[in-house]
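Q: How does the following fold in three dimensions:
(one chain, ligands or ions: 1)
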Amino acid sequence: MTAFRPTADGALVLFSGGQDSAVCLAWALARYGRVETVGFDYGQRHIVEMEARQRVRTGLQQRFPDWAARLGEDHVLDLRGFGAVAESALTTDRAIEMTARGLPSTFVPGRNLVFLVYAAALADRRGLPVLIGGMCETDYSGYPDCRRDTIDAMQQALNLGMEQTFRVETPLMRLTKAQTWGLAAALGGESLVSLIVEESHTCYRGERGELHPWGHGCGDCPACALRAAGWDAWVAAGRPATAP
Ligand code: ZN
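A: Prediction:
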């Protein structure tokens, strides 16, 4: 399935059940000998996301026996205290809009920073030297904690503060949403693409509803719009594979 030789070391994937983190999980399984996943319950409006995590994990195990052997434990950490502090449209019923700072109201201040601290503490305990996240600064990058500069600074802070040598890998950082579909195709062919279409969850409104060519969702929230546009661009380009 993949040209990669798995290494002896392990990785912890920040796994939300969305399209991006599902591709990151496949990327990790193609590359590392032991891969565990971590999800965060920070009071999301939608339990849908947590259910998608399990369906994607199960689908990967069923469709990719080589990867099933490497896929280890799943961890869910309770960050509802943080969610209460960082209240935003993702965790309340406020409308999705742009704020005066030019950030979407779906932005949860410091979310990825907090995720990485918790993930690193877990990775330390689990003996996993690599953290993998789907942060991406291409396309719609209203989130300052998704930028590679931020991730580099965070990696340094984690390593200094935990006396560690973690690497924080962000395989989607420079990819467009179309290229992310192409990466799924390169890693796992049509089987992985269809799994991500059918089972991963992106919609901010938590709607599953109708299955569009790009997946389930309301179709007009910013997350659905981005996912659909990426799919359309990828299909229009002839569904090219993206080299991992
Ligand atoms: Zn939506």
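Q: what's the next secondary structure element after the helix or strand of the chain with the lowest mean pLDDT?
A: Between all helices and strands in the chain, the lowest mean by mean pLDDT, DSSP states H and E belongs to helix 80-85, at a mean of 82. Later in the chain than helix 80-85, the nearest helix or strand by DSSP states H and E is helix 111-126.
Q: how far out from the middle of the chain is that following helix?
A: From the chain centre to the centre of helix 111-126 is a distance of 14 Å (C-alpha atoms, centre = their mean, to the nearest Å).
Q: quick one: contacts of that helix?
A: Outside helix 111-126, the residues that touch it by C-beta atoms under 8 Å, 6 or more residues apart in numbering are 10, 12, 14, 36, 38, 40, 42, 73, 75, 77, 79, 82, 86, 128-131, 133, 135, 143, 145-146, 150-151, 154, 158, 162, 164, 166, 168. In this view, the C-beta of every residue, glycine as well, is placed from N, C-alpha and C.
Q: Mind jotting down where the strands sit in the protein?
A: 7-14, 32-41, 71-78, 130-132, 167-169, 211-212, 215-216 (DSSP state E).
Q: if we can go back for a sec, for the least confident helix or strand of the chain, buried residues please.
A: For helix 80-85, a neighbour-count test (16 or more other C-beta atoms under 10 Å) marks 82, 83 as buried.
Q: can you check stretch 230-244 too?
A: Buried, per 16+ other C-beta under 10 Å, within stretch 230-244: 230, 231, 234, 242, 244.
Q: Now do the longest helix anywhere in the chain, average pLDDT.
A: Assignment by DSSP state H gives helix 177-199 as the longest helix of the chain. Per-residue pLDDT values over helix 177-199 give a mean of 97.
Q: swap in stretch 34-53?
A: Averaging pLDDT along stretch 34-53 yields 87.
Q: mind listing what's buried in that stretch?
A: Judged by neighbour count using 16+ other C-beta under 10 Å, the buried positions of stretch 34-53 are 34-40, 42-44, 46, 48-50, 52-53.
Q: same deal with stretch 56-65?
A: Under 16+ other C-beta under 10 Å, the buried positions of stretch 56-65 are 56, 57, 59, 60, 63, 64.
Q: Can you lay out those residues as JSON lines showing pLDDT?
A: What follows is the buried residues of stretch 56-65, written out as JSON lines (pLDDT from 0 to 100):
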{"residue": "56", "pLDDT": "98"}
{"residue": "57", "pLDDT": "98"}
{"residue": "59", "pLDDT": "98"}
{"residue": "60", "pLDDT": "98"}
{"residue": "63", "pLDDT": "98"}
{"residue": "64", "pLDDT": "98"}
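Q: Columns distance to residue 25 on top of these, output as JSON lines?
A: Putting the buried residues of stretch 56-65 into JSON lines (distance: C-beta to C-beta, whole Å) gives the following:
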{"residue": "56", "distance to residue 25": "7"}
{"residue": "57", "distance to residue 25": "8"}
{"residue": "59", "distance to residue 25": "11"}
{"residue": "60", "distance to residue 25": "7"}
{"residue": "63", "distance to residue 25": "13"}
{"residue": "64", "distance to residue 25": "11"}
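Q: ok, back up a step: hey, which of the strands of the chain is tucked in deepest?
A: Sort the strands of the chain by mean neighbour count, taking mean count of other C-beta atoms under 10 Å, and strand 130-132 sits at the top with a mean of 24.
Q: Could you name the helices and strands sitting against that strand?
A: Strand 130-132 sits against strand 7-14, helix 19-29, helix 111-126, strand 167-169, with contacts defined as 3 or more C-beta pairs under 8 Å, 6 or more residues apart in numbering; DSSP states H and E.
Q: lowest-confidence stretch among the ones you listed?
A: Looking at those, the bottom one is strand 7-14 with a mean of 85.
Q: what does this protein put close to the ion?
A: By C-beta under 5 Å from the ion, the residues of the chain that approach the ion are 203, 205, 217, 218, 221, 224.
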